[in-house]
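> Sharing a model that was predicted from the sequence below.
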Amino acid sequence: RGCPRTEDLATCLEAACFQADFVPLFRAGLLRLKPALQGTDPALSWIEKLGSIAAVEGGANDDADVRLGYFLVAVASLLIFASANLSGPPPGGDLSEDPERCGSQGPRLTKEEAAELSKRLVLEHTSVDGEYVVGKPELVGYLCTASVIFKKVDLCQSSELELASAPWWKLRALHLHQKLLHKNSATLKAELVRTANEISQSLRSLDEGVWGRECLAAAEIECAGVMQTYQLAQEAVVFIKRAGDRLGMGMKATGVMGKRTVHQVDAKAQMVVVTEHAGGGAGAERDGRRRASAQDLPRDCPCEQALVLVYLVQVSKSQAKTEIQSWEMMPYCQCVFKQDRPGAFAKMAATLHAARFERERNRTRERSLVRMEKLVEVLQLPQPGAVKRLPGIFTVDFPPLPLFHKEYGEMLIAMAMVGAALVVFEKYEHWDSLIVCYQLLQKTAQAQKLINDRLAESPDDPRLWCALGDVTKDDSCYVKAWERSGRRHARAQRSLAASAMRNDDYAAAVGHWELALALNPLNPSGWFALGYSYMREGDESSALRAFTRVTQLSPDNAEAWNNLAALHMKRQTWKMAFAALKEATRLRRESWQLWDNYVEAGLMCGHVMLSLYGLQRIAAMECCHKVSLSSLDLLLDVVSRVKREGGGGGATNKPRGANVNEDLSVLEINDSDEE
C-alpha cells in the first residue's frame, strides 16, 4: 500500500488468478527481460540464458522494471507448473515445453522435440544433491525457470519496488521442487527452513488490516508444511499455533454418542472434531449428524480448512502407527467433508487422506480404492476448473500428480490389480515400480526390452541405467549410471551398496553408503544400512553415530532406537540404552524382544518399577514364555537384597552393577503408563 507499482502488480496477479490464465503474466515479465536476453549467446538454452543474466543483473541492477520482470516470470512459471502438476487440469493458453517460446510467435515444438527437451531439463536442471525428480512431470521447464530466478535473484533488494511476498513465492517454488524429488535434499532443507523463519519474522511486522488475517495465516500454514516435510515436528507445532491464533480458531478431537448413518437405531460412541473460535464459543461437533451451524468453520474460508488438514498431518506424524490411528484421523477428514461448500482442492486432499487411512483396514480397503479412482477421474476432468481449484493449491498438502499416480499404482498392486498398475507406472515413467509389476507377472524379459528401448533414446539417463541394473542384477549398470551422471547420482551408489550387502561384502557396502550419503545426508534408510554395515564390520563407534543420525532424521524409527540401545547395552552405558528403549517401546509396543531389553536395561539403571511394568507388558502377550531368564534372575536378585536388608529406605549394595536410585521398599506393580 502506498506504492503504485506494487498495487498495479497486485491487481495484475489477482486478475490472472481469477481467470486461471498465467500466460499473459509470463509474457509481461518476459517483455521486461527481453533487452537483457538479447545479449546472450543464442546457442544457450533458455535456462542457461536466464541463469547467465540473473548472475549478472540480479545482484547488481537496481532497475525496478528488471526486477519486476524477474518476479512476473518466476511467479507465472510457478503457477503454470503447479496448475499442470498439482491441481489439474492443465492450464489453458498457448503453452510450450520451452518457456522461451511461450513469449514468442515462432513455431511450436513438435511432440518429439518437446519430449526430448523435457528429458534434458529433468536431467540437467532438476537434480539436487544427487536426487532426481520422480516420474514425468509436465511443463518442467517452468519449474526450472522459477527455481533459477528465486535462487539467483534477490527480488527484495530494489529501492523502487516493494516485493514483500517474494520470499513467500520462493518458499512455494522450492517446496514444490522438494516434493518432486525422490528423497529429501539437504540443500533445499537449509534454504527452505531459513526462508520459512524469515517469512515468520517478517509476518509479525505486517499490517493485518492490509494483508488480511487469512493471508497471513496461510503463510504460517505453508511454513508448517515445510517443517512437516523434514520431520521437524516441534517447529511445525509453533507455526500451526500461530496460524490458529491469527484465525482465532482451535480444534480438538473428542468422543460423543451419536448416529453416523440414517440406518443406525441406537447411538454409538464415535470420534469427532470440535472447532472453537475466539469470541464464538465452542464450534459444533462435526460428526455428520447435522448440518454446520453458524459457529462451525466458515463455508468460504479455505484457509481454515487447510488448517484442519495440516493439523491432521501433524497429529498423524506425532503418533506411532497403530491399528487405531486411522480411526483417530478420520474425524479430521469428516470435518472437511461435512462443509456445505468445501474448497475443491481441500476436498481432494481430505479424500486422499481418507483413502490412506481406510487402506489400513481390511473391511474398508475396497472403499479406499474407490476413493482413489474417483480422485483420478476428477483430476482428469475439465470441471471444476482451475479457478475453483487454485484456492489452497499451495496451502493444502497434496502430492504432485506424478507421485499421486505412483501411490495409486501401488494401491492397485496391493489389490492384486497388477495389469492396471503397469499401465499407470509406464505412463508416468516410474521405472522402479514398473519393474516390480513385470516381476510379479514373471515378464522380466519384457521389462528389460522396454528399458533398453528407452536407453536407445536417452543413453545418458542414470535412472534408466539403475532400472536396468535392477532387472539384470548387474552391478555394471549402476556403475554406468554413476559415470553418466557425472558421479552425482546417489541412487546408483545406494544400489551398489545394497548389492554388496546381499553378497555379505560389508566393507564395500560401507564405501558405497558413504559416497551416497555424502551427496544427500537426509536419507534415514541409508544411515540405517550404513550403521548395520558398520556393526557387521565390528566398528561399533561408527555404527553408534550412524544410528544416532537415523533417530535424528526419523524419530519414529523403532528399529533404529532398538539398535542404538543394543549398542549401548553392549558398551554397558545403561542410561543411554534405557532412554533409547523408552522410545523404541513407545513406537512398537507389541514386540516382546524390545520389552525384554527394556526390563534388563531398567534393572541395570535401578528403575525397578519401570522394569516391573515392562514385565507386565510381556506377561500380557501370548509369547510371554519367551522372556529372558536373565532379566527375571536380576529382578529376583534385587528383591532378595531388599528382603535381606529388611525393607530399608534404600539399597546400599548395588545388585550386579545396577545404579539403584529408587526406593526399593515399595515394589507394588504400577498399572499406569505414566510410571
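Arrived safely. Numbering: from 1, shown residues only.
> The closest residue to residue 327 other than its chain neighbours: neighbour count?
Nearest non-adjacent residue to residue 327, counting by C-beta to C-beta, 6 or more residues apart in numbering: residue 271, 6.3 Å away. Every residue, glycine included, has its C-beta placed from N, CA and C. Using other C-beta atoms under 10 Å, residue 271 has 17 other residues around it.
> so what strands line up beside whichever strand or helix holds residue 271?
Assigned by DSSP states H and E, residue 271 belongs to strand 268-277. Sheet pairing of strand 268-277 (DSSP bridges) gives strand 249-258 (antiparallel), strand 281-285 (antiparallel).
> and residue 455, helix, strand or coil?
Counting by DSSP: H, G, I helix; E, B strand; the rest coil, the backbone at residue 455 sits in helix.
> what distance separates the start and the end of stretch 393-405?
End-to-end distance for stretch 393-405: 18 Å, by C-alpha to C-alpha, to the nearest Å.
> now do stretch 393-410
Termini of stretch 393-410 sit 24 Å apart (C-alpha to C-alpha).
> Leaving aside the residues adjacent along the chain, what's closest to residue 569?
residue 577 (4.5 Å).
> Mind pulling up the pLDDT for the one you found?
Residue 577 carries a pLDDT value of 93.
> Likewise for residue 290?
Looking at residue 290, the pLDDT reads 32.
> where along the stretch 351-500 of the chain do the helices fall?
365-380, 386-389, 401-414, 418-427, 431-440, 444-457, 462-472, 475-484, 490-502 (DSSP state H, counting those that start in this stretch).
> Buried residues, the first one. List them.
With burial defined by 16 or more other C-beta atoms under 10 Å, the residues of helix 365-380 counted as buried are 368, 369, 371, 372, 375, 378, 379.
> Find the residue closest to the residue positioned nearest the centre of the chain in space, skipping its chain neighbours.
By C-alpha atoms, centre = their mean, the chain has its centre lying nearest to residue 229, at 3.8 Å. Excluding its sequence neighbours, the residue lying closest to residue 229 (C-beta to C-beta, 6+ apart) is residue 178, at 6.3 Å.
> before we move on, what about residue 391?
Per C-beta to C-beta, 6+ apart, closest to residue 391 is residue 302, 4.5 Å.
> Now do the same contact list for that neighbour.
The contact partners of residue 302, taken as C-beta atoms under 8 Å, 6 or more residues apart in numbering, are 343, 345, 346, 391, 392, 395, 396.
> what helices or strands is the host helix or strand of residue 562 leaning on?
Using DSSP H and E, residue 562 maps to helix 558-570. With contacts taken as 3 or more C-beta pairs under 8 Å, 6 or more residues apart in numbering; DSSP states H and E, helix 558-570 sits against helix 524-537, helix 540-553, helix 574-587, helix 592-605.
> Buried ones in the strand holding residue 271, by neighbour count?
Using 16+ other C-beta under 10 Å as the test for burial, strand 268-277 gives 270, 271, 272, 273, 274, 275, 277.
> Would you mind saying which of the helices of the stretch 351-500 of the chain lies nearest residue 184?
Taking C-beta to C-beta, helix 490-502 is the member of the helices of the stretch 351-500 of the chain nearest to residue 184, at 11.6 Å.
> Buried residues of the closest one, list them for me.
Neighbour-count burial for helix 490-502 [16+ other C-beta under 10 Å]: 490, 491, 492, 493, 494, 495, 496, 497, 498, 499, 500, 501.
> quick one: contacts for the nearest residue to the last one once chain neighbours are set aside?
Spelled out, that is residue 501. Nearest non-adjacent residue to residue 501, counting by C-beta to C-beta, 6+ apart: residue 509, 4.7 Å away. By C-beta under 8 Å, 6+ apart, the contact set of residue 509 is 497, 498, 500, 501, 529, 533.
> Pick the one among these closest to residue 266.
Nearest to residue 266 among the contacts of residue 509, with distances taken as C-beta to C-beta, is residue 529, at 52.6 Å.
> So residue 166 is in contact with residue 156, correct?
Yes: counting by C-beta atoms under 8 Å, residue 166 does reach residue 156; the two are 5.5 Å apart.
> Neighbour count: those two, which is higher?
With neighbours defined as other C-beta under 10 Å, residue 166 and residue 156 compare such that residue 166 has more, 22 against 16.
> Please name the nearest non-neighbouring residue to the more buried one.
residue 155 (3.9 Å).
> what do you get for residue 431?
Closest to residue 431 by C-beta to C-beta, 6+ apart is residue 467, at 3.8 Å.
> Over to residue 74?
residue 149 (4.0 Å).
> which other residues reach stretch 137-147?
By C-beta under 8 Å, 6+ apart, stretch 137-147 touches 46-47, 50, 73-75, 77-78, 80-81, 84-85, 90, 95, 97-99, 117-118, 121-122, 125-126, 133, 173-174, 176-177, 180, 400-402.
> Ends of stretch 421-432, what's the gap?
Stretch 421-432 end-to-end distance (C-alpha to C-alpha) = 12 Å.
> who's in contact with it?
Counting by C-beta under 8 Å, 6+ apart, 134-136, 402, 405-406, 408-410, 412-413, 433-434, 437-438, 441, 450-451, 463-464, 466-467, 470 sit against stretch 421-432.
> If you count neighbours, what's buried in stretch 589-608?
Buried residues in stretch 589-608, counted by 16+ other C-beta under 10 Å: 591-592, 594-608.
> Show me the helices in the stretch 1-150 of the chain, by range?
4-19, 23-38, 46-60, 64-82, 99-102, 111-125, 140-152.
> I'd like these as CSV, with mean neighbour count appended.
Shown next, in CSV, are the helices of the stretch 1-150 of the chain (neighbours: other C-beta atoms under 10 Å):
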stretch, mean neighbour count
helix 4-19, 14
helix 23-38, 18
helix 46-60, 18
helix 64-82, 25
helix 99-102, 22
helix 111-125, 17
helix 140-152, 25
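> Quick one: closest of those helices to residue 204.
helix 4-19 (20.3 Å).
> Could you pull up the mean pLDDT of the closest one?
On average, the pLDDT along helix 4-19 is 62.
> ok so, going back, and the strands paired with strand 268-277, which one's lowest on average pLDDT?
Looking at the strands paired with strand 268-277, the lowest mean pLDDT belongs to strand 281-285 (a mean of 41).
> so after that one, what's the next helix or strand?
Next along from strand 281-285, by DSSP H and E: helix 302-317.
> how close does the nearest residue to residue 473 once chain neighbours are set aside sit to residue 465?
Nearest residue to residue 473, sequence neighbours excluded (C-beta to C-beta, 6+ apart): residue 499, at 7.8 Å. Separation of residue 499 from residue 465 (C-beta to C-beta, to the nearest Å): 14 Å.
> which neighbours do the two share?
residue 478.
> I'd say residue 547 and residue 567 touch.
Yes: counting by C-beta under 8 Å, residue 567 is a contact partner of residue 547 at 6.9 Å.
> Of the two, which one has the most company?
residue 547 (29 against 22).
> Let me see the contact set for that one.
527, 528, 531, 560, 563, 564, 567.
> one more time with 7 Å, if that's ok
Taking C-beta atoms under 7 Å, 6 or more residues apart in numbering, we find residue 547 in contact with 531, 560, 563, 564, 567.
> how about TSV for the helices of the stretch 351-500 of the chain, with mean pLDDT and distance to residue 632 added?
What follows is the helices of the stretch 351-500 of the chain, written out as TSV (pLDDT from 0 to 100; distance: least, C-beta to C-beta, whole Å):
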stretch	mean pLDDT	distance to residue 632
helix 365-380	90	42
helix 386-389	74	62
helix 401-414	93	42
helix 418-427	92	49
helix 431-440	90	46
helix 444-457	91	52
helix 462-472	92	48
helix 475-484	95	49
helix 490-502	95	36
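> Make CSV from those and add distance to residue 253 to it.
Output for the helices of the stretch 351-500 of the chain, formatted as CSV (distance: least, C-beta to C-beta, whole Å):
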stretch, distance to residue 253
helix 365-380, 21
helix 386-389, 28
helix 401-414, 25
helix 418-427, 34
helix 431-440, 35
helix 444-457, 46
helix 462-472, 42
helix 475-484, 47
helix 490-502, 39
